[in-house]
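Colleague: Sharing a model prediction with you, sequence too.
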Amino acid sequence: MTFVPVIPESYSHVLAEFEPLDPLLSALRLDSSRLKCTSIAVSRKWLALGSSGGGLHLIQKEGWKHRLFLSHREGAISQVACCLHDDDYVAVATSQGLVVVWELNQERRGKPEQIYVSSEHKGRKVTALCWDTAILRVFVGDHVGKVSAIKLNTSKQAKAAAAFVMFPVQTITTVDSCVVQLDYLDGRLLISSLTRSFLCDTEREKFWKIGNKERDGEYGACFFPERCYGGQQPLIYCARPGSRMWEVNFDGEVISTHQFKKLLSLPPLPVITLRSEPQYDHTVGSPQSLSFPKLLHLSEHCVLTWTERGIYVFIPQNVQVLLWSEVKEIQDVAVYKNELFCLHLNGKVSHLSLVSVERCVERLLRRGLWNLAARTCCLFQNSVIASRARKTLTIEKLEHLKSQLDHATCSDLISQLEELILKFEPLDSACSSRRSSISSHESFSILDSGIYRIISSRRGSQSDEDSCSLHSQTLSEDERLKEFTSHQEEEPPPDQCCGSHGSEDNVSHASVVFETDKNETFLPFGIPLSFRSPSPLVSLQAVKESVSSFVRKTTEKIGTLHTSPDPKVRPEARGDEQSSEEDVSSVASPKEEDIEEKKEVTSQPPEEDILQELKVATTEAMTKLQDPLVLFEPKSLRMVLQEWLSQLEQTFAMKDFSGISDAGSSSMKSNQDVLLLNELKKGILDEDNEKEERNSLGGEETIDQTACESLSSSREPSDDLFQVCSPCTIAKDLQSDLAELTTLCLELNVLTSKIKSTSGHVDYTLQQCSPEIPACQFLKKYFFLLDLKRAKESIKLSYPNSPSVWDTFIEGLKEMASSNPTYMEMEEGDLPTRLKLLDDSVPFDSPLLIAYATRLYEKFGESALRSLIRFYPYILPSDIMQLCHHHPAQFLAYLDSLVKSRPEDQRSSFLESLLQPESLRLDWLLLAVSHDVPPSTSTMDDEGYPRPHSHLLSWGYSQLILHLIKLPADFTTKEKMTDICRSCGFWPGYLTLCLELERRREAFTNIVYLNDMSLMEGNNGWIPETVEEWKLLLHLIQNKNTRPAPQVSLNGNLNDGPSPINVENVALLLAKAMGPDRAWSLLQECGLALELSEKFTRTCDVLRIAEKRQRALIQSMLEKCDRFLWSQQA
C-alpha cells in the first residue's frame, strides 16, 4: 500500500461521485455507439436526458426510476430545459429547430401531451433554452442570434385568457451573433452572445448592452440571486477573456472586473470517486488563461464553469477559487443546488456533488467504503483537523474507520490515519477526562476557539449525531443518499476495500470499465508516478540490451530515454520524429551477437571513425546542394546524391537490413544480384530456346519479367526486416543532414547504386523491370533516416499505382510504433474504445497516426474509415486512397462522410479544397457513379436514351456527385463530366451540365424521354426561354412514340408516378409562360391545336380573365398614384 500525499492547503469542499449513472445509462441503452445522450437538464424532481434518436428520458431522481419516455420525430434532441417552479413542464428543442413544450400531467396521472410546438426557429440550430421563474414562459435562442418567447396557456390557467393572446410566440430581439446562454430572473432576461452580453427588461421592453468592450468566442453569463435573500438587488456575472469575470449590477452597469488567472495556477483537486483512487500532485502550474463557455449559479455563493480541461468553482464576491478538478471532455453541465450532472462528448453522464470534505467522508463511511474514506481523510488532513470538521467527524468515527482496515494490505494507510488521530485529539488526560465527564451527562460541541459548548439533553437531539457511534446513525439526513437497487451498487468495489482479492465476482460494472484507466485518469498535468512499474516492453528491452556488450554500447543513448508511464506525456516531435524512432531498437540473434562482439574486440573501429567518412561526404553533399547550378539541374543533383548514397551504403554495410555484417557486403551483394540475374536469364533462355526463336521480342520481355519476379522472390526473406532504429549513436546535426539527403534521394528516385555487369556497362534491369522493388529496399534499409512526413507525401505522388511501396512504408511505421504500449492496448476492445485510446495517447500530428489508422481499418473495415474523419487534416483523403486501394468503394464511404461532416453551406468549398491535384475530380466522379448505383437497364434503354422516371432512382452517392458537378471547372473538364454522367445514366447531373454548357437541345430531348413535368416546373425547373425552344419541345413530344402504354412508377403502381410530359401539359405550361393568345397561335403553327382538351380551353379563359383584371388593377393603381402626386404639387 503506497503512502497517500497530503494536500497542504486547507480546502473546505471537494467534488465527489457517490452514485455512478453507468448502470442507468445501460438500462436505457444510451451507452451504445448507435444511440447516445445529446442533452441534459435537471430539476427538483427530474433528470431529463435527450438522445440522438429523438427520445427524451425523464428519470425520477428519488430512487433513480425511469418514469417517462417522450418521442419526437423532428430529429435528435439538441436542448432540454425543465421548469424549475413547476415540475410538470419541460421544453425540448430538436435538431431541426422545432421547440416542443410538454405537460407531463403527473398530478392528474394522465398521459403527457404536447401543449405547444413552435416553428419560429425551424431550420436553425437552437443553442439555448430558459424558463421564466414565475410564469409558464420559455425563452429560445438560436445560432443566428434570434431570441423568442413562448407564453403558454394550459389547463392550469384560466381558459378565458387564451382569447386575448393572439401570438403565443413573441420575438424578443435579434442580437449580432450566436446566442451562447440565456438566464432569467425577476423580469430580466440575460442574453450572452459571441460578442457581448445584453440585459432585457421583458415587462418594459428595454434593452441594455453590458459593458463597452466586445469579445470573440463562447462566453457565458448568469444571474447571482444570492443577495436577494438579504434584501439587496441580485448581481450578474459575465465571462471575459483571460480567466476574468465582470461583476454587473441589476441595471447592467459594470461594477468591477475579477481576475482568476493567477489563482488557477494551483494544482487540481482530485475527484472522489469509486472508479479510481484519488491522486494529488503538488506541482504548481502556470497561470491559466481560460474562456468560460457558460456560467451557472451553484449552491449558495458559488459560480460554476468548465472548459475542456476541467470544472471550476468560484466564489466571485470574494474573488476566490473554491476548487478546480480535472474532468475531461465535458459537453454540457446541468446543476441543481449542489448537484452536478455532466454530459460528456462520448454521451456518458456523470453525477457529481459539491460537498464539504467532512460530509464527503461521512457519506463514504455510511456506504462502508472504508479504504476510500481513509484515503480521503489522509489526503485532506488539514480540512479534517479543522474545528468545523471535528464537529462532524468525531474521534470515535475515525477509530472505527481504522478498525475496518486490513492490517496486511493497508499498513501504510493505517499508520497515516493514526498520525491524523493524534493530531485530531491531543493526548491530554485532563481534557479527555473532562470531556468524558461532560459527554456522559450532556451533549457538547467544540467552538473554533477550542471552548466546549455544553448543550442540555432536554433541548432535543440536535447533537446526537456528534455523540453517538457510527453503528447507531441512520440515513435520515438532509441530503438524499438513495442507492441503486442492484447488488453491484450496494457492494463496494474490491479496489476500494483492503480485503483479499477473492471477491472479484462482486466487482461493479463501473469498476470494470475504468480499470484500465485507473492509473491515468487522475494524474494532474500528466506527471508520472514514481511507484508505477514499467511496462513489459521496457523490461523486455532491458533484457535484450543485456545480451551483448555491442548492443549495450550502440544503444547507450537510447537506453537513457525512459518511456513515460502516462501515454499522454509524449516527447515533443522533432523534424524527423527522432524521439519516436529512438524508442525502437534492433534485435539480433544470440549467435550473430557473439560474432559481432568478437569483431568489435578485434577489428571494429570506434563509432566516430565509422561515421567520419560519412560525415565528410554528407558535409560535401550539403555544400554542393547550396549551389544553384546543382540544385536546379536535375542531372547534377542526381549525381551528387548518387555519390553520397554510395558512401552511405558503405558506412552502414555492417548494419545492413539483409543481415550481411562484413564491411564489403554492399559490393558483394551487388555482385550476387548480377550473378543471380544472369543465371536466371541463362536458365530461361535454355529452356525456352524454341519459343524465343519464334517470337524474340515477346520472349525477351517474358525473360525480364520472370527474372525480376524470381529475383524479388529470392530476396523476400531478407527484406522482411526494417532498420527503424539507428545502429549507432548519431549526433543531432548529422542526423538532420542525413534525413534531408535520404528523403531527397527517395523524392528524386535515387534509390540504389549503379550495378555494373561483367562487360563493364551499367545494368538497369532491376530498376526497369519493377521500379517498386528498389523503393521498397531503400525504405527498409534507411527507414531510420527518413523524414516520415515528406516520405509519405513522396510515395503518394511518385508511386500512386504501386501499392507495395505504400504497404512497405506502413509496415515500417507499424514496426516503429510497436514499442509504444498504446499499440499493444489497441489489440482489444471495440471500435469506439480504440478510437478513444487513439485520441488520448497518440498526437494527431505524429507520422505514426496513419499506422494506427491502418490497424483499425484492417480490423473493422469501412466502419473504421468513416470514423477516421475526426483526424482530418492529419489524415488526408489521399492517405485513405492508399489505405484502401484494393477496395475503392470504401474510400467513397470515407469521402462522403467527410464532406457531410461539414455544414451544408461549406461542403462545396471544402470539397474543392480536397481536389488537389485537379485530375482527382474526374477520378472521384468515375468512382462515385460506379458504386452503389442502380442497374444500367433501369436507367437507359437499348438506344442509350433515358428510361421514364429513371432520374428519380436512388444513387448511393448522389449528393457527392452533384457537389463534384457544380464545382467550377474549365470547359473541357465539364464536357468530360457530361459524358461520364450520360454513359452511367446519372440524369440529374447530366441535365445540370447540359444547361451549364448551353447544350439545351440535348437537355430538352432527355427531359422528354424522362417524362416528368416536375423537371420543367417550380423555381428550379428548366423552362424554354425562346419561341424556338418551345417549338423544339413541342416537336420532340410530337415525334415521340405515342402508342398507349401504362406508366409504372418507381413504387410499382400504375399511373402513380409524376405528371407525364404530353401535349396538353406542355400547352398549359406554355399558356402560363407566354399568355393564352400567343400560346394558341404557336400551337396552331405546330399543328397541335386539335389534340387539346376542354381543360386547356377553360384554363386559357381563366388566364384571360385574370390578365384583364390584373391590367385593370395596375391601371387603377397608376391613376391613383398620378392623382396623389398632382395633389402634392398643388
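Modeller: It's in.

Colleague: I'd say Y11 and F380 touch.
Modeller: Yes - here Y11 reaches F380: they are 6.5 Å apart, a contact under Cβ atoms under 8 Å. The way it works is simple: take the backbone N, C-alpha and C, and place the C-beta from them, glycine included.

Colleague: These two: which is more packed in?
Modeller: Legend: neighbour count by other Cβ atoms under 10 Å for Y11 and F380, higher for F380 (31 against 17).

Colleague: hey, what's in contact with both of Y11 and F380?
Modeller: V357 (Cβ atoms under 8 Å, 6 or more residues apart in numbering).

Colleague: Tell me, how many residues neighbour the closest residue to A893 other than its chain neighbours?
Modeller: Spatial nearest neighbour of A893, excluding adjacent residues (Cβ to Cβ, 6 or more residues apart in numbering): E862 at 5.3 Å. Residues contacting E862 under the criterion other Cβ under 10 Å number 17.

Colleague: Equivalent analysis for R359, please.
Modeller: For R359, using other Cβ under 10 Å, the count is 19.

Colleague: Point out the other helices and strands that the helix or strand hosting it packs with.
Modeller: Following DSSP states H and E, one finds R359 within helix 357-366. When contacts are defined as 3 or more Cβ pairs under 8 Å, 6 or more residues apart in numbering; DSSP states H and E, helix 357-366 sits against strand 13-17, helix 370-379, helix 381-385, helix 387-392, helix 395-403.

Colleague: The ones you listed: lowest mean pLDDT?
Modeller: With a mean of 68, helix 387-392 has the lowest mean pLDDT of the helices and strands packed on helix 357-366.

Colleague: what's the burial count for E1025?
Modeller: E1025: 10 neighbours (other Cβ under 10 Å).

Colleague: mind listing what it touches?
Modeller: Counted by Cβ under 8 Å, 6+ apart, E1025 has zero contacts.

Colleague: Test for you: state the pLDDT assigned to it.
Modeller: So E1025 comes in at 81 (pLDDT).

Colleague: Quick check, the residue nearest to A893 in contact with L892.
Modeller: No - the criterion here is Cβ under 8 Å, and E862 misses it with L892 at 9.7 Å.

Colleague: Burial-wise, tell me which of the helices and strands packed on helix 357-366 comes out on top.
Modeller: Among the helices and strands packed on helix 357-366, helix 370-379 has the highest mean neighbour count (mean count of other Cβ atoms under 10 Å), at a mean of 26.

Colleague: Output that helix in CSV with nothing but the alpha carbons.
Modeller: Extracted C-alpha coordinates of helix 370-379, given in CSV (Å, rounded to 0.1, in the frame of the first residue of the first chain):
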residue,chain,number,x,y,z
TRP,A,370,-13.5,2.2,4.3
ASN,A,371,-10.5,2.4,2.0
LEU,A,372,-11.7,5.4,0.0
ALA,A,373,-12.8,7.2,3.2
ALA,A,374,-9.4,6.6,4.9
ARG,A,375,-7.6,7.9,1.8
THR,A,376,-9.8,11.0,1.7
CYS,A,377,-9.1,11.7,5.3
CYS,A,378,-5.4,11.4,4.8
LEU,A,379,-5.4,13.4,1.6
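
Colleague: can you list the residues that contact it?
Modeller: 4-7, 14, 270, 272, 274, 277-278, 280, 357, 360-361, 364-365, 384, 393, 398, 401-402, 404-405, 410, 413-414, 416-417, 420, 492, 496-498.

Colleague: if we go to 6 Å?
Modeller: When contacts are defined by Cβ atoms under 6 Å, 6 or more residues apart in numbering, helix 370-379 is touched by residues 4, 7, 272, 278, 361, 364-365, 384, 401, 404-405, 413, 416-417, 496-498.

Colleague: List the buried residues for stretch 855-864?
Modeller: 855-857, 860, 862, 864 (16 or more other Cβ atoms under 10 Å).

Colleague: Narrow those to those in helices?
Modeller: 855-857, 860, 862, 864 (DSSP state H).

Colleague: pLDDT on the top helix by length along the chain, on average?
Modeller: Across the chain, the helix with the greatest residue count (assigned by DSSP H) is helix 1094-1129. In this model, helix 1094-1129 has a mean pLDDT of 81.

Colleague: How about stretch 866-873?
Modeller: 87.

Colleague: Send over that stretch as CSV, restricted to the C-alpha atoms.
Modeller: This file holds the C-alpha atoms of stretch 866-873, laid out as CSV (Å, rounded to 0.1, in the frame of the first residue of the first chain):
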residue,chain,number,x,y,z
ARG,A,866,-15.9,6.6,-41.5
SER,A,867,-14.6,7.2,-38.0
LEU,A,868,-11.3,8.5,-39.4
ILE,A,869,-12.8,11.7,-40.5
ARG,A,870,-12.2,13.1,-37.0
PHE,A,871,-8.4,13.1,-37.8
TYR,A,872,-8.7,15.4,-40.8
PRO,A,873,-6.4,17.2,-41.8
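
Colleague: buried set for that stretch?
Modeller: 866-869, 871-872.

Colleague: Serialize these to JSON lines and add fields for distance to P234.
Modeller: Output for the buried residues of stretch 866-873, formatted as JSON lines (distance: Cβ to Cβ, whole Å):
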{"residue": "R866", "distance to P234": "49"}
{"residue": "S867", "distance to P234": "47"}
{"residue": "L868", "distance to P234": "49"}
{"residue": "I869", "distance to P234": "45"}
{"residue": "F871", "distance to P234": "46"}
{"residue": "Y872", "distance to P234": "46"}
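
Colleague: just these now: which is nearest V933?
Modeller: R866 (19.8 Å; Cβ to Cβ).

Colleague: Any chance you could list what contacts stretch 43-58?
Modeller: Defining contact as Cβ under 6 Å, 6+ apart, one finds that stretch 43-58 is touched by 28, 35-41, 59, 61, 67-72, 76-77, 80, 82, 84, 87, 90, 92.

Colleague: what does stretch 856-864 give?
Modeller: By Cβ under 6 Å, 6+ apart, stretch 856-864 touches 831, 883, 890, 893.

Colleague: of these, closest to D932?
Modeller: A893 (9.0 Å).

Colleague: From L35, how far off is L995?
Modeller: According to Cβ to Cβ, to the nearest Å, L995 and L35 sit 43 Å apart.

Colleague: Likewise for G285?
Modeller: Distance from G285 to L35, by Cβ to Cβ: 38 Å.

Colleague: Looking at these two, which is more packed in?
Modeller: Neighbours were tallied for G285 and for L35 using other Cβ under 10 Å; the higher tally belongs to L35 (16 against 13).

Colleague: ok, that one to R29 distance?
Modeller: 6 Å.

Colleague: Next, the buried residues of stretch 45-63.
Modeller: 45-59, 61.

Colleague: L1088: which of these is nearest?
Modeller: G54 (52.0 Å).

Colleague: Quickly note the distance from the closest one to L1125.
Modeller: Taking Cβ to Cβ as the measure, G54 falls 58 Å from L1125.

Colleague: Check D941 too.
Modeller: From D941 to L1125 the distance is 64 Å (Cβ to Cβ).

Colleague: what does stretch 984-1001 contact?
Modeller: If you take Cβ under 6 Å, 6+ apart as the criterion, stretch 984-1001 is touched by 929, 939-940, 946, 951, 961, 965, 974, 977-978, 981-982, 1002-1003.

Colleague: what about it, how long is it end to end?
Modeller: 20 Å (Cα to Cα, to the nearest Å).

Colleague: Buried by neighbour count: which residues of it qualify?
Modeller: Across stretch 984-1001, burial judged by 16+ other Cβ under 10 Å covers 984-994, 999-1000.

Colleague: Now do it, average pLDDT.
Modeller: On average, stretch 984-1001 scores 90.

Colleague: Distance from that stretch to the middle of the chain?
Modeller: 38 Å (Cα atoms, centre = their mean, to the nearest Å).

Colleague: again with stretch 78-87
Modeller: On Cα atoms, centre = their mean, the centre of stretch 78-87 falls 29 Å from the chain's centre.
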